[in-house]
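# Generate coordinates for the sequence data below:
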Amino acid sequence: MKSLELLVEKIILSSRWLLVVFYMGLVAALAVYALSFAFKFWKVAQNVFTLGEAEMILAMLGLIDAALVASLIVMVMISGYENFVSRFDEAEADVSFLGKLDAGSLKIKVASSIVAP
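Sure, this is the predicted structure:
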């Protein structure tokens, strides 16, 4: 019976690697969203002298919103991978801040990014 329990636990712990598929999907979604952001920016840049003040402010707010959504995607990818899949091996290099993202700090960062604008 103990061997069955160990097998179940091993399967459950190994299943966390299935999350990598979702995180890679988020990477692809972020790349598509970056193309969308570039297209929006190009449209704003083309019409910079024809847009009124109100339309220009709305266009800038749209770009800011896109940047905040992209940042949220990155935060979810990094903290989710760190918390549920595996630690980053290069944490001592230039990305030493990655190991400091946990669920509590993620909530604070998301809340502050929503409230800040």
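
# Can you tell me the element L72 falls in?
Taking DSSP states H and E as the criterion, the element that holds L72 is helix 53-80.

# distance between that helix and the chain's centre?
With Cα atoms, centre = their mean, to the nearest Å as the basis, helix 53-80 stands 11 Å off its chain's centre.

# ok, now stretch 67-82?
Per Cα atoms, centre = their mean, the centroid offset for stretch 67-82 relative to its chain is 2 Å.

# in it, what counts as buried?
By 16 or more other Cβ atoms under 10 Å, the buried positions in stretch 67-82 come out as 70, 75-82. Quick note: C-beta positions are derived from backbone N, CA and C, even for glycine.

# any idea how far the closest residue to V20 other than its chain neighbours lies from A67?
Nearest residue to V20 in three dimensions, chain neighbours excluded: V85, at 6.2 Å (Cβ to Cβ, 6 or more residues apart in numbering). Distance, V85 to A67, using Cβ to Cβ, to the nearest Å: 26 Å.

# Over to V8?
Counting by Cβ to Cβ, the gap from V8 to A67 is 44 Å.

# residue contacts, the residue nearest to V20?
For V85, the contact set (Cβ atoms under 8 Å, 6 or more residues apart in numbering) comprises 16-17, 19-20, 23.
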